[in-house]
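Student: got a structure for you, letters missing:
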């Protein structure tokens, strides 16, 4: 899929929409560069997603000021001699035109420029201490790094957060093009990983094949890539295990476009090229749950209900294999689903792979809705009624997590209806998760990541062929 660059008019329109919604001036920081081990050796810079949404450029230490319907960008000027190492920076006038700003000014002028309005300016925290220190100094109040979950209703910062959430929940045309591009490149990376498996001796070789596709397309990672035979470790970002026939590879990998938009796909495949009968049986249960959940991605459907649908299909399937016994309703009431499916069905997707999670449940949960306290359900990241142009992931899974299976706190309510003698026959299944990126439309859901096949037969054929 061709690279897609969002036109400057889109960013102007987004800023105008925010201007029309908020009643106070606003400051949004891009974030600062961070050194790895000495100042000249920095981590790759990734700007704040709120900043990227409104500006479209990753400018370290930049601050966007929105006031009286105008947009002013404050940036650090080029240091003398810096162009020797990094090349020349665009001029302020060039940036003003390229980014559609009313003004571009020296960052050193920020405090004096906003002084008259500092007590009424809203902001959102960034994840780095240096930017929060700058905002704190400019606004005369403490801005802490971290989650926006602490925002207080009625305060200017909370109003700004709510306005950003309202804008970003439903993607405009340019955002959807970015998401489609991210999904397509991510899909090609997964196909490359499958094709590399038969000759790979370790997870690292599969990981390398996948990263090569992302980097060739100009994409970074949208999160720490998971490529592991230990699929029961949900966020395993190590890639140092040797592979053997009988292992399953779980790859949860996503590309990020140069403008910051995320892809997020999970697939599982057998190292040998063929699922064992027990692996195939569990794989088909997870796939059935995922397909049924995707069918429910429709306007007005509550996302929590999609989660419940996946839980029911999973418990039904596991019971049919003899691992559970009893009525499905009773098993669900006793928390059986979370024994093998201990996380939510998915999350919002956009500029963040878990979109707007820096704002806490304010973004993910509709007004009046709160997280469940039940194990498993408490990790559901989204509880809103679906609207057109929302993008979500659908990613049920089955995992044999030793800490869960050994704990009476998680299994006692099910008791002997968890048949451990039958479960022992499925010891070659550590973890299986199947994930796609899905957009809510006026009709059938748009599966952005359908380029990667997911039936067991299709997956086996790709791994076996190596092409």
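Tutor: That came through, no problem. Predicted model only: the values in this text are computed from it and were never measured.

Student: From now on I want contacts and neighbour counts done on CA atoms only, so please keep to that.
Tutor: OK.

Student: Just the helices from the stretch 251-400 of the chain, written as ranges.
Tutor: Under the criterion DSSP state H, counting those that start in this stretch, the stretch 251-400 of the chain contains helices at 277-295, 303-320, 328-333, 336-340, 361-364.

Student: swap in the stretch 1-150 of the chain?
Tutor: With DSSP H, counting those that start in this stretch as the criterion, the stretch 1-150 of the chain has helices spanning 8-21, 49-55, 83-86, 92-99, 110-114, 129-139.

Student: Identify whichever of those lies nearest to residue 345.
Tutor: helix 49-55 (23.4 Å; C-alpha to C-alpha).

Student: Any idea how far the closest one is from the middle of the chain?
Tutor: 16 Å (C-alpha atoms, centre = their mean, to the nearest Å).

Student: And for stretch 303-315?
Tutor: The answer for stretch 303-315 is 20 Å, by C-alpha atoms, centre = their mean.

Student: any residues touching that stretch, and which ones?
Tutor: Taking contacts as C-alpha atoms under 8 Å, 6 or more residues apart in numbering, the residues outside stretch 303-315 that touch it are 285-286, 288-290, 292-293, 296-297, 324, 328, 331-332, 336-337, 341, 344-345, 380, 382-386, 396.

Student: Now which of those would you call buried?
Tutor: 285-286, 288-290, 293, 296-297, 324, 328, 331-332, 336-337, 341, 344-345, 380, 382-386, 396 (16 or more other C-alpha atoms under 10 Å).

Student: beta partners for the closest residue to residue 62 other than its chain neighbours?
Tutor: Counting by C-alpha to C-alpha, 6 or more residues apart in numbering, residue 62 lies nearest to residue 75, which is 4.5 Å off, once chain neighbours are set aside. Note on residue 75: beta-bridge partners by DSSP bridges are residue 106.

Student: What separation do you get for residue 75 and residue 114?
Tutor: Using C-alpha to C-alpha, to the nearest Å, residue 75 is found at 15 Å from residue 114.

Student: among the helices of the stretch 1-150 of the chain, which is nearest residue 272?
Tutor: Judged by C-alpha to C-alpha, the one of these that comes nearest to residue 272 is helix 49-55, at 40.5 Å.

Student: The closest one packs against which elements?
Tutor: helix 8-21, strand 26-29 (3 or more C-alpha pairs under 8 Å, 6 or more residues apart in numbering; DSSP states H and E).

Student: any chance of the ones you listed in TSV, with mean neighbour count, distance to residue 102 and mean pLDDT too?
Tutor: Below are these laid out as TSV (neighbours: other C-alpha atoms under 10 Å; distance: least, C-alpha to C-alpha, whole Å; pLDDT from 0 to 100):
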stretch	mean neighbour count	distance to residue 102	mean pLDDT
helix 8-21	17	10	97
strand 26-29	24	15	96
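
Student: Residue 186: which of these is closest?
Tutor: Across the helices and strands packed on helix 49-55, closest to residue 186 is helix 8-21 (C-alpha to C-alpha), at 24.6 Å.

Student: Just give me how far that closest one sits from the chain centre.
Tutor: So, by C-alpha atoms, centre = their mean, the centroid of helix 8-21 is 24 Å from its chain's centroid.

Student: Repeat that for stretch 35-50.
Tutor: 20 Å.

Student: how about that stretch: buried residues?
Tutor: Residues of stretch 35-50 classed as buried by neighbour count (16+ other C-alpha under 10 Å): 46-50.

Student: Over to stretch 245-260?
Tutor: 246-260.

Student: what do you get for stretch 219-238?
Tutor: The neighbour-count check on stretch 219-238 (16+ other C-alpha under 10 Å) flags 219-223, 225-232, 234, 236 as buried.

Student: which pair in those residues spans the largest distance?
Tutor: Largest separation among the buried residues of stretch 219-238 by C-alpha to C-alpha: 219 and 232, giving 27.5 Å.

Student: Distance of residue 144 relative to residue 126?
Tutor: 8 Å.

Student: Same check on residue 185?
Tutor: Applying C-alpha to C-alpha to residue 185 and residue 126 gives a distance of 28 Å.

Student: which ones are touching residue 392?
Tutor: 346-349, 437-439.

Student: Done for today, thanks.
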